[in-house]
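*Asks:* Fold the stuff below for me.
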Amino acid sequence: MAINVNTVYRTVLSLLNREQRGFMTPDQYNRFARMAQLDLFEKSFSDYNRYLTRKETGTINDEYANLAKSTKEKIDVFSTSSTLTFSSGIAATPANLYKCLMVSTGSRATAVQEIQKSDLPQITSSKLTAPSTSFPIYYKEGSNIYILPSTVSSATLDYLFKPTDPNWAFTSGATYGDMAYSSGTSINFQLHDSEEVPLIIKILALAGVTIKDPNVVQVAKQEEVQKINQENS
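*Replies:* Numbering: from 1, shown residues only. So this is what the prediction gives:
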């Protein structure tokens, strides 16, 4: 599941050039694409929280109109897992880690409880809460995960990863002036397919600022506000 980086670029160029409002270079597009993807990625978490609150108050429907469920599906696109290999109780986290979901051992048979490092002295000093292979604990510090007991050699990390920056790559050719799209070296958006229209709107708004055309910004923002109003109605 991915949104094609070339499809979005062609759509954006078409909308910008329809009224001769300017041309967006590949470098500008790639910068805006990165910002737009990150913005929608972060927004999905706040949306999910907002929709859960609305569901609890009975102001949101189930089934096809269940916005909380739909938003969770957008977030689940970024769910993955990795094997952590510990040395003296320390393992490096994946470079693309955004949020830990769960750490487990024994083929996910035993969940490792997350704690705050500040609680470590209190937990380890009590016989009732002292970590063991059947009751392991962990805390995250910087780019490392620390696990107790330190005899644990490996664990499974389920986590949400930060999306890879999209990139519209090109080679010499006749497309877009002297550039031709290179699908082999380009990187597509990693957002859920349903985010294609909001993604285009975000990029258009950023493009409007660059080409100093307030009409582009206004139209893009109106589209976004209208979408939010429809969701809240």
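*Asks:* from here on, contacts and neighbour counts on C-alpha atoms
*Replies:* Will do.
*Asks:* Okay, domains of this protein per the record?
*Replies:* For the chain, the structural domains run 5-76+181-232, 79-161, going by automatic domain parsing.
*Asks:* Same list, these, but as CSV with distance to A169 please.
*Replies:* Converted to CSV, the domains of the chain look like this (distance: least, CA to CA, whole Å):
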stretch, distance to A169
domain 5-76+181-232, 5
domain 79-161, 22
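*Asks:* F170 is nearest to which of the ones you listed?
*Replies:* When the domains of the chain are compared for distance to F170 using CA to CA, the nearest one is domain 5-76+181-232, at 4.4 Å.
*Asks:* tell me the average confidence for the host helix or strand of L199?
*Replies:* Here L199 sits within helix 196-210, counting by DSSP states H and E. The pLDDT scores in helix 196-210 average 85.
*Asks:* So which elements touch it?
*Replies:* For helix 196-210, the packing partners by 3 or more CA pairs under 8 Å, 6 or more residues apart in numbering; DSSP states H and E come out as helix 5-17, helix 26-56, helix 214-232.
*Asks:* For the shortest one, list every residue counted as buried.
*Replies:* In terms of neighbour count (16 or more other CA atoms under 10 Å), helix 5-17 has its buried residues at 5-6, 8-9, 12-13, 15-16.
*Asks:* same check, this time on stretch 89-104
*Replies:* Judged by neighbour count using 16+ other CA under 10 Å, the buried positions of stretch 89-104 are 89-94, 100, 103-104.
*Asks:* Tell me which residue lies nearest the centroid of the protein.
*Replies:* Nearest to the mean C-alpha position of the chain, by CA atoms, centre = their mean, lies F41 at 4.0 Å.
*Asks:* residue ranges with poor pLDDT in this protein?
*Replies:* Counting by pLDDT under 70, the chain has low-confidence residues at 1, 18-21, 55-65, 172-178, 209-233.
*Asks:* From the centre of it, give me the residue that's furthest out.
*Replies:* No residue in the chain sits farther from the centre than K127, which is 40.5 Å out by CA atoms, centre = their mean.
*Asks:* Next, that one: phi, psi?
*Replies:* When read as degrees, to the nearest 10, the backbone of K127 gives phi -70, psi -30.
*Asks:* Distance check, it against P121.
*Replies:* Going from K127 to P121 by CA to CA, to the nearest Å gives 12 Å.
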